[in-house]
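# sequence plus predicted model, see below.
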Amino acid sequence: MLLGCIGDDFTGSSDLGNTLAKAGMRTVQYVGTPDEPAPAQVEAGIVALKSRSIPVQDAISQSLAALDWLRAQGCRQFLFKYCSTFDSTPEGNIGPVAEALAAALDARQVIVCPAFPATGRSIYLGHLFVWDRLLNESGMQHHPLTPMTDPDIRRWLSRQARGSIGHVDAAVVRQGAVAIRRALADEDSRGHRLIVTDAIVDDDLMALGQAAAELPLITGGSGIAMGLPENFRARGELAGCAVPWRGQAGPAVILSGSCSAATREQVDRHAARHPARALDVGAIMAGDLDVAEYARWALAQDGIPLIYSSADPAQVSATQERFGRERTATAIEAFFCDLAGALVQHGCTRLISAGGETSGAVVTGLNLAHLEIGPEIAPGVPVMRAGDNLVLALKSGNFGEVDFFAAAARVMERSS
Ligand SMILES: Nc1ncnc2c1ncn2[C@@H]1O[C@H](COP(=O)(O)OP(=O)(O)OP(=O)(O)O)[C@@H](O)[C@H]1O
Ligand SMILES: O=C(O)[C@@H](O)C(=O)CO
């Protein structure tokens, strides 16, 4: 294994898998840190954790355990993948995990770059934009678990990190890899270990990737991985032949727990054309919803059934005030976890899930060890094979066009 990656959630890890596989690396996503060695042909391994919204110390220890395993597989370069909207709280977990990984690897000049231009995320003068909106005006200020209220990534990160934060701005990034390397070294000599780098378009990310060829640790969204495969290719280290992909027919079901603006639109569009049931969160909290009945309902439908808890910010706030933020999230996720298990047990072969935490719960309910990366459905969302008769699509909250769910079901059937 050449490149060892640690993802702080499951959809984000599949987003990264998509980028690396498209760029020609043989990539496997692992569900948590494996107990066994990886097969020799894996070139990029992604250990998907569910560490974005857990206590800081737990996120650090899980990430360090993942790092140990990746090192034991022979990796020489490591990537910590977090959200392109920098989802985190003033306490963490991005800064503390990045610093712990850097300390373990004795890494300096650690790039911090959540940019992902294909989905509208760019960084200019340290500020994160989602299309033409600053992060804190993009809808992310209403996120149920990690409301993002500050668009200045340097300032937000400095609240989480022990060390000071450096910055390489767009004017330097535009000059290419040599200038970036020089600027990273300058920031390092000023004592900054974590260094936010601007990136507006894919070319910026390719230049950053080239500049990072010899760096042990890189952190960011999936965009920062775009330029890395080329470094391994240039050294003649990639096998270079694609792994064949087989599509999957059979019953498809959608589970959506994301409350993002994009997902809510996708839910509305899909529900207007296909069977759909909204979950009553109060009934989940009271333990009154029968998972088996929902699974039976879904598998008896024509079309592509959708079961969702997705709700608008006012409903989410009201629910959280009534039941508590953590308790609500945990109960909804537990419901989706059990429902995913029941659906697959009774014949679902194409399972689509929306939301990172939700997808973490779904994958946990399926007891999977690893996922093979397949074709792209939308920027940042691949199909993944999870066994002989099961494929998954794990959609990050804000990704995908308005008809994403139907498109996903179609791409899942396709062989390449
Ligand atoms: N109706 C609701 N009321 C309150 N909380 C909800 C409701 N529906 C879902 N949730 C919780 O909100 C959280 C949504 O997070 P999730 O990561 O699944 O989506 P997302 O943040 O939009 O996706 P991503 O992390 O991929 O951007 C989950 O913990 C989920 O359980
Ligand atoms: O980077 C992103 O936006 C996604 O891969 C993600 O992590 C959302 O959970």
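Received the coordinates, thanks. Ligands and ions are numbered 1, 2, ... in the order given.
# list of residues touching the lengthiest strand in the chain?
Using DSSP state E to assign secondary structure, the strand with the most residues in the chain is strand 370-378. Where contact means C-beta atoms under 8 Å, 6 or more residues apart in numbering, the residues beyond strand 370-378 that reach it are 14, 17-18, 20-22, 27-31, 34, 243, 245, 363, 382-386, 391-393, 395, 399-401, 404, 407-408, 411-412, 414, 416. C-beta coordinates here come from the backbone N, C-alpha and C atoms, glycine included.
# filter those residues down to the buried ones.
Burial by neighbour count, 16 or more other C-beta atoms under 10 Å: within these this picks out 14, 17-18, 20-21, 27-31, 34, 245, 363, 382-386, 391-393, 395, 399-400, 404, 407-408, 411-412.
# ramachandran angles for the closest residue to Ser416 other than its chain neighbours?
When the adjacent residues along the chain are set aside, Ser416 lies closest to Trp245, with 4.5 Å between them (C-beta to C-beta, 6 or more residues apart in numbering). Recorded main-chain torsions at Trp245 are phi -120, psi 140, according to degrees, to the nearest 10.
# what's the answer for Ser353, then?
Dihedral angles for Ser353 - degrees, to the nearest 10 - are phi -130, psi 140.
# tell me, what's the model's pLDDT at it?
Looking at Ser353, its pLDDT stands at 98.
# residue contacts, it?
The neighbours of Ser353, taking C-beta under 8 Å, 6+ apart as the test, are 254-257, 336, 340, 359, 362, 392-395.
# got the residues of the stretch 151-300 of the chain near ligand 2?
By the criterion of C-beta under 6 Å from any ligand atom, the positions of the stretch 151-300 of the chain lying close to ligand 2 are 221-222.
# show me where the stretch 151-300 of the chain has helices.
In order along the chain, the stretch 151-300 of the chain carries the following helices (DSSP state H, counting those that start in this stretch): 153-160, 170-173, 177-189, 202-211, 228-234, 261-271, 281-285, 291-299.
# got the angle for the fourth one vs helix 177-189?
When axes from the mean of the first three to the mean of the last three C-alpha atoms, to 10 degrees is applied, the directions of helix 202-211 and helix 177-189 differ by 70 degrees.
# use 40 as the first number from now on
Noted, 40 is the first residue going forward, which turns the last one into helix 241-250.
# which outside residues touch helix 241-250?
Against helix 241-250 from outside (C-beta under 8 Å, 6+ apart): 150, 152, 154, 156-157, 209, 212-213, 215-217, 219-220, 223, 236-238, 262-267, 269-270.
# mind redoing it with 7 Å?
Contact partners of helix 241-250, identified using C-beta atoms under 7 Å, 6 or more residues apart in numbering, comprise 150, 152, 154, 156, 212, 215-216, 219-220, 223, 236, 238, 262-263, 265-267, 269-270.
# how far does that helix sit from the chain's center?
20 Å (C-alpha atoms, centre = their mean, to the nearest Å).
# equivalent analysis for stretch 348-355, please.
Taking the mean C-alpha point of stretch 348-355 and that of its whole chain, the gap between them comes to 22 Å (C-alpha atoms, centre = their mean).
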